[in-house]
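A.B. asks: Need a 3D model of the sequence below.
(chains A and B)
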Protein chains: 2
Amino acid sequence: MVRREVVVLRIGHRPQRDQRVTTHVGLTARALGADGMFLAAEDRGIIRGIGDVSSRFGGSFFVKDGVSWRSCVRRWKESGGIVVHLTMFGINLPDLEDELKNINRLMVVVGAEKVPGEMYEIADYNVAITSQPHSEIAGLAIFLDHIMGPDALKTAFPDAPLSIIPTARGKKTRGQEQE
Amino acid sequence: MVRREVVVLRIGHRPQRDQRVTTHVGLTARALGADGMFLAAEDRGIIRGIGDVSSRFGGSFFVKDGVSWRSCVRRWKESGGIVVHLTMFGINLPDLEDELKNINRLMVVVGAEKVPGEMYEIADYNVAITSQPHSEIAGLAIFLDHIMGPDALKTAFPDAPLSIIPTARGKKTRGQEQE
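C.D. replies: Have a look, this model is predicted:
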């Protein structure tokens, strides 16, 4: 099987104000097996927050801030990648899922409150996770869970300094807690 | 088929600071067909934010703030309900999914950063959505998508003043925008 490449592009991020939500977006992408996140804003707090989790729990998830969303999307498309924009106005995921599952290089665009109209045009697909307003974090989570294949929820990082041992009660970990 | 009852209990919410994340938790629950959310804190901003969405997009999702989490959980269990606590330390969802799908009265507990140890004991199930740290919003989204049945992503509110018409480009709605 060809190694799949899935990245997230976070647009509309307002430094400070959106730091927590954007950190959740990045951590969700990492936990479900995406390769990394481009951030169309400068915010070292996001890089630090997600980098801290990766250094403890493993993996090579990248975060690149300060990108221009237009050139990030354009370069992705020029190199043969497909761009999916998550929006409640799009076609509902169940109606596109089979088609999207076969894409090898996928960029998932996750907006904040205001998304430029141009994004709806430039995206290959505008995809809704329900046609209800809710959360870009929830949308990304469900999208990746559906698209990444049956093992999305079993993401593991073999090089992890610290990992969790699933248990019915309490907390069990393996390895070194560095805090 | 028996009408299923699914509610969310949000614990550890710090008024103001967690307002946005907890609003996302509630909107995600609503969008995926849950009945309502109990909030173990007082925060009218959450009630307003989610109420505003429901008044525009329909449905009867309830939000009740100021509950004590212990008595909320106890009452739920006493009335025959099952309590699932979402935590990255729990048993991974794929390993419990079949069992959880058959529960008719389900309370899903979603914590913030600190969850009292007692919660791990009192819950009927501690369930992980991957064994990686990410986001309670993402966790709830994936959990409900898996548990609510195949139509979770097709939640619709027939009484809605405003609804979205899925479309490949742009934004289409039906009904009255009240803003």
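A.B. asks: Show me how far stretch A:170-179 is from its chain's centre.
C.D. replies: With Cα atoms, centre = their mean, to the nearest Å as the basis, stretch A:170-179 stands 25 Å off its chain's centre.
A.B. asks: what does that stretch contact?
C.D. replies: Stretch A:170-179 is contacted by residues A:55-56, A:160-166, B:89, B:117, B:120 when judged by Cβ atoms under 8 Å, 6 or more residues apart in numbering or on different chains. (C-beta placed from N, C-alpha, C; glycine too.)
A.B. asks: quick one: contacts for residue A:137?
C.D. replies: Neighbour list for residue A:137: A:21, A:24-25, A:28, B:24, B:135, B:137-138, B:141 [criterion: Cβ under 8 Å, 6+ apart].
A.B. asks: Narrow those to those in helices?
C.D. replies: A:21, A:24-25, A:28, B:24, B:137-138, B:141 (DSSP state H).
A.B. asks: would you list those in CSV and tack on distance to residue A:109 and pLDDT?
C.D. replies: Formatted as CSV, those follow (distance: Cβ to Cβ, whole Å; pLDDT from 0 to 100):
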residue, distance to residue A:109, pLDDT
A:21, 15, 96
A:24, 16, 98
A:25, 11, 98
A:28, 15, 98
B:24, 18, 98
B:137, 18, 98
B:138, 17, 98
B:141, 18, 98
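A.B. asks: Please spell out the PyMOL selection for the buried subset of the residues you listed.
C.D. replies: Buried subset of the ones in helices among the contacts of residue A:137, written as a PyMOL selection, criterion 16 or more other Cβ atoms under 10 Å in any protein chain shown:
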select buried, (chain A and resi 21+24+25+28) or (chain B and resi 24+137+138+141)
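A.B. asks: Which member of the ones in helices among the contacts of residue A:137 is positioned nearest residue A:9?
C.D. replies: Comparing the ones in helices among the contacts of residue A:137 against residue A:9 with Cβ to Cβ places residue A:25 closest, at 10.3 Å.
A.B. asks: residues in contact with the closest one?
C.D. replies: Taking Cβ under 8 Å, 6+ apart as the test, what residue A:25 contacts is A:8, A:10, A:37, A:110, A:136-137, A:140, B:135.
A.B. asks: again, only this time at 7 Å
C.D. replies: A:8, A:10, A:110, A:136-137, A:140 (Cβ atoms under 7 Å, 6 or more residues apart in numbering or on different chains).
A.B. asks: Give me the phi and psi for the residue nearest to residue A:13 when sequence neighbours are not counted.
C.D. replies: Nearest residue to residue A:13, sequence neighbours excluded (Cβ to Cβ, 6 or more residues apart in numbering or on different chains): residue A:41, at 4.3 Å. Main-chain torsions, residue A:41, degrees, to the nearest 10: phi -170, psi 160.
A.B. asks: For residue A:41, give its distance to chain B.
C.D. replies: Distance, residue A:41 to chain B, by Cβ to the nearest Cβ, to the nearest Å: 17 Å.
A.B. asks: how near is that residue to residue A:19?
C.D. replies: Per Cβ to Cβ, to the nearest Å, residue A:41 is found 10 Å from residue A:19.
A.B. asks: what residues are up against residue A:101?
C.D. replies: Per Cβ under 7 Å, 6+ apart, neighbours of residue A:101: residue A:147.
A.B. asks: Look up how far residue B:15 lies from it.
C.D. replies: 42 Å.
A.B. asks: Please name the residues that touch the residue nearest in space to the middle of chain A.
C.D. replies: Central residue of chain A (Cα atoms, centre = their mean): residue A:29, 3.4 Å from the mean position. Going by Cβ under 7 Å, 6+ apart, residue A:29 touches A:8, A:37, A:140, A:144.
A.B. asks: ok, now residue A:162?
C.D. replies: Residue A:162 touches A:56-57, A:173, A:175-177, counting by Cβ under 7 Å, 6+ apart.
A.B. asks: close to chain B, is the helix or strand residue A:106 falls within?
C.D. replies: Secondary structure from DSSP states H and E places residue A:106 in strand A:105-110. No: in terms of Cβ under 7 Å from any Cβ of the partner chain, no part of strand A:105-110 sits within range of chain B; the closest distance is 11.7 Å.
A.B. asks: what separates the helix or strand just after that strand from the chain centre, distance-wise?
C.D. replies: Counting by DSSP H and E, the element after strand A:105-110 in chain order, helix or strand, is helix A:117-122. Chain-centre distance of helix A:117-122: 19 Å, with Cα atoms, centre = their mean.
A.B. asks: by contact count, what packs against the longest strand along chain A?
C.D. replies: In chain A, taking DSSP state E as the definition, the longest strand is strand A:82-92. Contacts defined by 3 or more Cβ pairs under 7 Å, 6 or more residues apart in numbering or on different chains; DSSP states H and E place strand A:82-92 against helix A:69-78, strand A:105-110, strand A:125-128, helix A:136-147.
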